[in-house]
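>>> Just a sequence and a predicted model for now, questions to come.
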Amino acid sequence: MRVFLLAFAFLSLPLSVFADTAPAQYHLEHEFVLGGDGGWDDFAYDAAGQRLFLSRATRVMVVDAVKGTLLAEIPDTAGVHEIALAQDLGKGFTSNGKEDTVTVFDLKTLKPTAKIKVTGGNPDYLAWVRAETRDA
């Protein structure tokens, strides 16, 4: 009975108890209009190169995040969903849902270097996680 009462007391607290008292202050820094065919799904930001990678249906647009200019396009990514950047490898990856592949591209040249067929259907989410092992 005591556990139930504690849980009920916890759930009955007003949400403001858990909320930060000062709301976050956001402001619009830049606004760029990027035309072109196809909708978009997601984006990845490259802080080191100040580039924005935008998935656009059949390609990835690479945009200068400061100037808003198109730097390059990574083609042949049918149904592209996500973009993952592996700075430590100098590589990027896209999940291409319409052909069940992952495109690997070079972060310096922005050119595709490989296309990997994956199992399952319509790959979507990608993330690059660098795991380190330590000797005991």
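That came in fine, so what should we check first?

>>> How many residues are close by residue 90?
11 (other C-beta atoms under 10 Å). (Each C-beta comes from the backbone N, C-alpha and C, glycine too.)

>>> And it, how far from residue 105?
10 Å (C-beta to C-beta, to the nearest Å).

>>> So which residue is smack in the middle of this protein?
In the chain, the residue lying closest to the centroid (C-alpha atoms, centre = their mean) is residue 44, at 4.1 Å.

>>> Moving C-terminal from the helix or strand where that one lies, which element do we reach first?
In this assignment (DSSP states H and E), residue 44 forms part of strand 43-46. Going down the chain from strand 43-46, the next helix or strand is strand 51-56, by DSSP H and E.

>>> strand partners of the helix or strand following that following strand, parallel vs antiparallel please.
Where DSSP H and E defines the elements, the next helix or strand beyond strand 51-56 is strand 59-64. Sheet partners assigned to strand 59-64 using DSSP bridges are listed as strand 51-56 (antiparallel), strand 70-74 (antiparallel).

>>> Tell me which of those strands is the most buried.
Using mean count of other C-beta atoms under 10 Å, the stretch among the strands paired with strand 59-64 with the largest mean neighbour count is strand 51-56, at a mean of 22.

>>> Report the distance from that one to the chain centre.
On the basis of C-alpha atoms, centre = their mean, to the nearest Å, strand 51-56 is displaced by 9 Å from the centre of the chain it belongs to.
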